[in-house]
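> mind looking at a prediction? Sequence and model below.
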Amino acid sequence: MAIELYSWPHSSGTRIAWALEELGAPYKYVELDAKNRDHLQPKYLAINPHGKVPTLVDDGQRFFESAAILLHLGDKYGVAKNLWPAPGGQARADALSWTVWAICELMGYMIQYLYHGLDTPVSFAPPDRSKAAADYALSQLKRQLQALETQLQERDYLFGAFSLADVAAGSVLAMGVRFGLGLENQPRTAAWCTRCTGRPAFKRAR
């Protein structure tokens, strides 16, 4: 049974399309129309009760949340493609940890900073922004970026060779950079982000 990816453009589903392109896994892209509220229709809610994207259906198994989907793809397809470590050992532990970190920590603080601290298409209207929220999110985001800068010391990618963990973190920062997040104080991270977004699979996913 073919893999089905339910998504729409410029969403978290793009990182899943990127991962699938890197893996060379055949899949069917099912584009939902958010304006038409396709994601809230009973047929879609039957596979994703939260009514969000992305959703992945693989051989009858249904997955939502991009981090969970990436971990599934890594386990099922990534090891053979040298894009995910085999079970056991610190390499596997690192891949799990950095992937979840990218979506839960890096993404979380970056989004709050975009909402409250910058003028972007996704930002709250000025009267609805909180300076305290912006300041706190930025302070935590700086910590995340410094950890990433340290990890990338003498490495082209998070673990040396490109992996699905780079898809997780790279997709987050690619969005931030697109909306004006500056990386001038993190030169290694900026160069890494450029390498990630320059990959053919990333361009196909977009």
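That came through, no problem.
> what's near enough to touch residue 122?
By CB atoms under 8 Å, 6 or more residues apart in numbering, residue 122 lies in contact with 111, 114, 115, 179. Glycine gets a C-beta too; all of them are placed from N, C-alpha and C.
> format those as CSV; extra columns: secondary structure, distance to residue 15 and pLDDT.
Shown next, in CSV, are the contacts of residue 122 (DSSP: H, G, I helix; E, B strand; the rest coil; distance: CB to CB, whole Å; pLDDT from 0 to 100):
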residue, secondary structure, distance to residue 15, pLDDT
111, helix, 14, 97
114, helix, 17, 97
115, helix, 20, 97
179, coil, 16, 95
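> so which of these is the most crowded?
In terms of neighbours by other CB atoms under 10 Å, the contacts of residue 122 top out with residue 114 at 23 neighbours.
> wait, it touches residue 176, no?
Yes - contact criterion CB atoms under 8 Å: residue 114 and residue 176 qualify, at 6.9 Å.
> could you measure from residue 109 over to residue 166?
Distance, residue 109 to residue 166, using CB to CB, to the nearest Å: 19 Å.
> which one's more surrounded, the two?
Between residue 109 and residue 166, residue 166 has the larger neighbour count (other CB under 10 Å), namely 26 against 20.
> low pLDDT regions in this structure?
By pLDDT under 70, the low-scoring segments of the chain are 1.
> helices of that one, residue ranges please.
In the chain, the helices defined using DSSP state H lie at 13-23, 42-45, 66-73, 90-101, 107-117, 131-151, 164-178, 187-197, 200-205.
> elements contacting the third one?
Under the contact definition 3 or more CB pairs under 8 Å, 6 or more residues apart in numbering; DSSP states H and E, helix 66-73 sits against helix 13-23, strand 55-58, strand 61-64, helix 90-101, helix 164-178.
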